[in-house]
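1. Below is the structure, and that's it, no one-letter string:
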């Protein structure tokens, strides 16, 4: 997040991937926004709108509402300091890593209200490390994570879809 609409302005905060921001206005590729009680600017290319439940494809950005930060390429951050390569391991004899999140048994949560205890039970059932609840019109990141459960809810906060991504 920068103090003004451009790279020449100083960085005032670093918004984490998936952080929700409130967009006030967008102009010339920069959005005036509020994150964690601080007001500043972020490039519009790092913002993404969630897909409303029951629809496919993107929704054109609108001013106002909730957005989430996306980071399109991991190489944007400075490279870490040099570290020696780990010792060679023979992967043929190790068990393949199991997926962290599974969608089996989650259909029973459809139609339930997305209260804290319901979301916690769904996360435990799916064995996901993290969970996010997406309301209609929310903006979310476009990255795929095998360890995250995404719960989509309707306007009445009832669960309409549960997926691992």
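-> Yep, that arrived. On a predicted model such as this, the values are computed, not experimentally measured, just so you know. Numbering: from 1, shown residues only.
2. Check the chain for its longest strand and report it.
-> strand 20-27 (DSSP state E).
3. which is the next helix or strand following it?
-> strand 30-35 (DSSP states H and E).
4. That next one: which residues count as buried?
-> For strand 30-35, the neighbour count (16 or more other Cβ atoms under 10 Å) marks 30-33, 35 as buried. Heads up, the C-betas are built off the backbone N, CA and C, glycines and all.
5. sorry, back to before: show me what the longest strand of the chain is packed up against.
-> strand 30-35, strand 66-69 (3 or more Cβ pairs under 8 Å, 6 or more residues apart in numbering; DSSP states H and E).
6. Of all pairs in the buried residues of strand 30-35, which one spans the longest distance?
-> Among the buried residues of strand 30-35, the pair separated by the greatest distance (Cβ to Cβ) is 30 and 35, at 14.2 Å.
7. What lies in contact with stretch 157-165?
-> 53-54, 99, 101-103, 106-107, 109-114, 118, 122, 126, 128, 135, 144-146, 148-154 (Cβ atoms under 8 Å, 6 or more residues apart in numbering).
8. buried subset of the residues you listed?
-> 101, 106, 109, 114, 122, 126, 128, 135, 145, 148-154.
9. quick one: least confident of the residues you listed?
-> When the buried ones among the contacts of stretch 157-165 are compared by pLDDT, residue 145 scores lowest at 84.
10. need the helices for this structure, in chain order.
-> Here the chain has its helices, by DSSP state H, at 116-126.
11. lowest average confidence, helix or strand, in it?
-> Lowest by mean pLDDT, DSSP states H and E among the helices and strands of the chain is strand 66-69, with a mean of 55.
12. circling back to that earlier point, just the buried residues of the longest strand of the chain, please?
-> 21, 23, 26.
13. how close does the last one sit to residue 33?
-> For residue 26, the distance to residue 33 (Cβ to Cβ, to the nearest Å) stands at 9 Å.
14. swap in the first one?
-> Shown here: residue 21 relative to residue 33, a distance of 5 Å by Cβ to Cβ.
15. now do the second one
-> Separation of residue 23 from residue 33 (Cβ to Cβ) stands at 5 Å.
16. Any stretches of the chain with poor pLDDT?
-> For the chain, the stretches with pLDDT under 70 are 49-86, 88-99.
17. For it, just list every one of the strands.
-> 20-27, 30-35, 38-43, 47-48, 66-69, 130-134, 148-153, 159-164.
18. Can you list the strands that the last one pairs with?
-> If I follow you right, that is strand 159-164. Using DSSP bridges, the strands paired with strand 159-164 in its sheet are strand 148-153 (antiparallel).
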